[in-house]
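> Whatever this is, show me its structure:
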Amino acid sequence: MKRRMEFSIVVATCNSERHIEDFVLELLHIFQKKRSKFEIILVNDSSSDNTQKVLQELSHKYTEIHILELTRNSGQ
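Next up, the predicted model:
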């Protein structure tokens, strides 16, 4: 029987290349330790730095990570 998703963590990010990897790795550590079924959805809010590249690398390493790329900045 397939386990259902227990947690969906949605993180909006913009120009976060220097900090997003550490943050995501900490989230992974916390939820893997709990042995929860989870996903992390990273929303790139049209970053102008290398945030998208960092997110892509993370999503290739970890199946729990999904990326949503916004073409226009939607933040406040």
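
> any weak-confidence spans in the protein?
1-2, 74-76 (pLDDT under 70).

> ok, which stretches of it are helices?
Under the criterion DSSP state H, the chain carries helices at the ranges 20-33, 51-61.

> Reformat those as CSV; add distance to Asn44 and mean neighbour count.
No exception for glycine: its C-beta is placed from N, CA and C like everyone else's. Formatted as CSV, these follow (distance: least, C-beta to C-beta, whole Å; neighbours: other C-beta atoms under 10 Å):
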stretch, distance to Asn44, mean neighbour count
helix 20-33, 9, 14
helix 51-61, 5, 17
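
> Include distance to Ile9 when you put those into a markdown table, please.
As requested, those are arranged in a markdown table below (distance: least, C-beta to C-beta, whole Å):
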| stretch | distance to Ile9 |
| --- | --- |
| helix 20-33 | 6 |
| helix 51-61 | 13 |
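
> of those helices, which approaches Ile40 most closely?
helix 20-33 (5.8 Å; C-beta to C-beta).

> CA atoms only for stretch 48-68, dumped as CSV, please.
Output in CSV follows, covering the C-alpha atoms of stretch 48-68 (Å, rounded to 0.1, in the frame of the first residue of the first chain):
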residue,chain,number,x,y,z
SER,A,48,18.0,37.3,-11.2
ASP,A,49,20.9,35.5,-9.5
ASN,A,50,21.7,31.7,-9.6
THR,A,51,18.9,30.6,-7.4
GLN,A,52,17.3,28.6,-10.2
LYS,A,53,20.5,26.7,-10.8
VAL,A,54,20.8,25.8,-7.1
LEU,A,55,17.2,24.7,-7.0
GLN,A,56,17.7,22.5,-10.1
GLU,A,57,20.8,20.8,-8.5
LEU,A,58,18.8,20.1,-5.3
SER,A,59,15.9,18.7,-7.2
HIS,A,60,18.2,16.3,-9.1
LYS,A,61,19.7,15.1,-5.8
TYR,A,62,16.5,14.7,-3.8
THR,A,63,13.3,13.2,-5.1
GLU,A,64,11.3,15.0,-2.4
ILE,A,65,12.1,18.4,-4.0
HIS,A,66,9.9,19.9,-6.7
ILE,A,67,10.4,23.3,-8.4
LEU,A,68,7.9,25.9,-9.7
